[in-house]
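**Q** let's see this in three dimensions:
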Amino acid sequence: MIKFLRTALIGLALSTALFTSAFAAGNDVNATTTGLAMRGFDPVSYFQDSGPVAGDLKYTTEYNGATYRFASKNNKEEFEADPVAFAPAYGGYCAFGTAMGFKFDGDPSVWKIVDKKLYLNLSPAVQKRWVSEEADFIVQANSNWVDIKDTAPEALQK
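**A** Residues are numbered from 1 along each chain as shown. Model (predicted):
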């Protein structure tokens with residue numbers, strides 16, 4: 001009986017930990033159900049000559065309720081020193097979608113740095129449209145973000 005209760009309590013503790021981590025990131029961060037931002041890509045690597053690379057499980061940190069992975073200890077430390085400089089705009093949601101007032105998934109392989117800020121887009125086709133009027137779309141997205149930042153993506157579809 002004690003063994004059964006111990007097993008049940010451990011199971012409950014593990015499921016609670018998994019449940020809370022799955023919902024740790026708020027509506028202002030585009031994260032997986034497990035709370036992973038940028039699908040595990042290293043945000044600092046976008047600003048380096050090597051370009052974007054996948055992060056390593058050994059080097060992680062939390063920012064805005066989401067988990068970020070890094071390719072190296074140095075990249076992790078750079079991010080922790082100034083996360084605003086490296087985290088993607090609009091919490092990693094699609095920059096064009098944000099300009100339109102929506103929150104769509106930002107694909108870490110479809111990106112651009114503008115004025116030292118990382119922007120992700122949903123797809124190459126969407127990015128092509130975004131780049132065509134990039135400056136105007138950034139102004140519009142910045143304005144929209146104030147209103148939609150804390151709104152669930154699905155609530156914006158109505």
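**Q** how about the residue positioned nearest the centre of the chain: what's its closest non-neighbour residue?
**A** By CA atoms, centre = their mean, the chain has its centre lying nearest to Ala37, at 3.6 Å. Nearest residue to Ala37 in three dimensions, chain neighbours excluded: Ala66, at 3.9 Å (CB to CB, 6 or more residues apart in numbering). Backbone N, C-alpha and C define where each C-beta goes, glycine included.
**Q** give me the phi and psi for the one you found.
**A** With angles defined as degrees, to the nearest 10, Ala66 sits at phi -120, psi 160.
**Q** residues in contact with it?
**A** 24-25, 29, 31, 35-37 (CB atoms under 8 Å, 6 or more residues apart in numbering).
**Q** switch to 6 Å and redo it
**A** When contacts are counted by CB atoms under 6 Å, 6 or more residues apart in numbering, Ala66 is found next to 25, 29, 31, 35, 37.
**Q** ok, Phe79 next?
**A** Residues 44, 86 are the ones in contact with Phe79 under the rule CB under 6 Å, 6+ apart.
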